[in-house]
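In: below is the structure, and that's it, no one-letter string:
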């Protein structure tokens with residue numbers, strides 16, 4: 001009994017396959033028609049019939065390509081299943097085992113509609129239209145794209161925003177670097193084009209485009225700020241948690257039996273001896289001027305012994321803390337690497353976000369930031385700052401201060417940094433924004 005039901009279900013599914021395949025192809029064609037009517041004034045999906053930007057056109061072209069691929073697959077399935085069904089029974093508009101077979105008239109109407117849609121899009125059309133489409137959009141499967149859009153709406157917004165911003169930045173770079181001077185200044189032409197676009201009566205989708213651009217910018221800004229905070233918080237939190245709950249107890253347990261370990265380097269030893277000498281001199285001084293009762297030599301020796309015990313424990317903990325800092329910082333670097341490795345999409349969004357901020361700055365603001373950066377890290381007073389940084393790092397890791405290494409680093413690294421900055425100004429900024437370079441030179445002089 002169960003076997004008969006299974007066979008009957010398989011038979012029904014097989015008989016429904018042609019109609020099901022044709023319906024799916026027909027619905028895909030309807031989707032293409034909907035895109036044409038809604039966004040391209042009833043004409044085919046092409047750049048010349050669109051009022052959108054290149055990134056939006058790329059999205060629609062890739063989506064239509066996915067629908068066409070689906071139509072091709074379903075029509076192939078329709079032909080194959082139709083031939084199999086016709087082999088076992090005639091194609092009649094009757095009811096067979098509860099399965100309503102598709103009539104010839106309905107089948108012809110659907111096929112004619114599908115042919116009218118796919119006839120607009122030939123192979124040469126896709127070769128021309130998809131030249132500027134990213135490869136990720138060209139090879140994207142339609143069903144996977146639909147699932148991603150349904151399950152992750154924010155991702156689609158952010159991806160479109162990053163692509164749009166990258167193309168805007170690249171177009172701005174290429175225009176500024178390769179455009180030839182015309183009869184009129186470029187600013188006049190851009191102003192005229194902007195006014196023409198604003199008063200164009202056919203620009204009916206302008207409000208929708210502005211709203212979509214605002215949403216993309218908002219999502220991109222939110223993701224960028226969250227990711228930047230994540231890059232800061234995760235390593236710091238990892239460093240503190242691993243140091244407090246894992247590394248410090250292990251280090252203390254390891255050096256607990258090694259009581260001879262007090263000073264991790266000679267600098268800490270000299271600092272402890274200097275503080276002990278100051279304490280002894282303070283005892284003698286306070287006793288001589290009457291601020292404290294005068295102590296005998298045995299009492300002074302006892303006070304010095306107590307102070308030495310306190311100093312030994314203090315500097316021992318400083319040494320253990322420096323050792324724990326090394327391993328905790330390694331753990332924080334590993335955590336930072338994991339965040340970067342698994343956040344490629346967020347890195348692209350942050351890069352686009354920062355590029356948009358930097359390239360939208362005025363020339364004077366760019367020159368101000370360059371001068372501030374150069375004076376802070378490679379300017380006249382920068383050696384003092386680098387010396388403080390190196391001393392802080394040596395204390396953090398418990399390393400003895402090496403004056404020769406500090407002087408060598410200060411004499412070489414800022415020079416290398418200054419050379420890289422000058423090369424960047426000459427190689428890139430001079431081509432992208434010559435006015436910013438001129439402003440920088442005037443402000444620097």
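Out: Cool, the structure landed. Predicted, not measured: the structure shown is a model, and the values here were computed from it.

In: which residue ranges form the strands in the protein?
Out: Assigned by DSSP state E, the chain shows strands spanning 95-96, 99-100.

In: so residue 271 versus residue 390, what's the distance?
Out: 18 Å (Cβ to Cβ, to the nearest Å). From N, CA and C alone the C-beta is placed, and that goes for glycine too.

In: before we move on, what about residue 270?
Out: Counting by Cβ to Cβ - residue 270 and residue 390 are separated by 19 Å.

In: can you give the distance of stretch 365-372 from its chain's centre?
Out: Taking Cα atoms, centre = their mean, to the nearest Å, one finds the center of stretch 365-372 at 25 Å from the center of the full chain.

In: what pLDDT, on average, does that stretch get?
Out: Across stretch 365-372, pLDDT averages out at 85.

In: list the contacts of that stretch.
Out: Under the contact criterion Cβ atoms under 8 Å, 6 or more residues apart in numbering, stretch 365-372 has outside partners 358, 361, 421, 425, 429, 433, 436, 439-440, 442-444.

In: and residue 270 and residue 390? which has more neighbours close in?
Out: residue 390 (19 against 12; other Cβ atoms under 10 Å).

In: run a quick neighbour tally on the nearest residue to that one once chain neighbours are set aside.
Out: Excluding the flanking residues, the one nearest residue 390 by Cβ to Cβ, 6 or more residues apart in numbering is residue 406, at 5.0 Å. Residues lying near residue 406 (other Cβ under 10 Å) number 17.

In: any stretches of this structure with poor pLDDT?
Out: 1-14, 85-103, 122-207, 445 (pLDDT under 70).

In: centroid residue for it?
Out: residue 347 (1.7 Å; Cα atoms, centre = their mean).

In: ok, now which ones touch it?
Out: Contacts of residue 347 (Cβ under 8 Å, 6+ apart): 227, 340.

In: mind redoing it with 7 Å?
Out: residue 340 (Cβ atoms under 7 Å, 6 or more residues apart in numbering).

In: residue 326 too?
Out: Contacts of residue 326 by Cβ under 7 Å, 6+ apart are residue 397.

In: that one and residue 231: what is the separation?
Out: Applying Cβ to Cβ to residue 326 and residue 231 gives a distance of 22 Å.

In: cool, and residue 302?
Out: 54 Å.

In: who has more neighbours, the two?
Out: Set residue 302 next to residue 231 and count neighbours by other Cβ under 10 Å: residue 231 wins out with 17 against 12.

In: for that one, which non-adjacent residue is closest in space?
Out: That would be residue 339: by Cβ to Cβ, 6+ apart, it lies 6.2 Å from residue 231.

In: next one: residue 52
Out: Distances taken as Cβ to Cβ, 6+ apart place residue 209 nearest to residue 52, at 6.7 Å, with adjacent residues excluded.

In: what is the neighbour count of the one you found?
Out: 14.

In: would you map the helices across the stretch 1-150 of the chain?
Out: For the stretch 1-150 of the chain, the helices defined by DSSP state H, counting those that start in this stretch occupy 2-39, 54-88, 104-118, 123-129, 135-138, 142-151.
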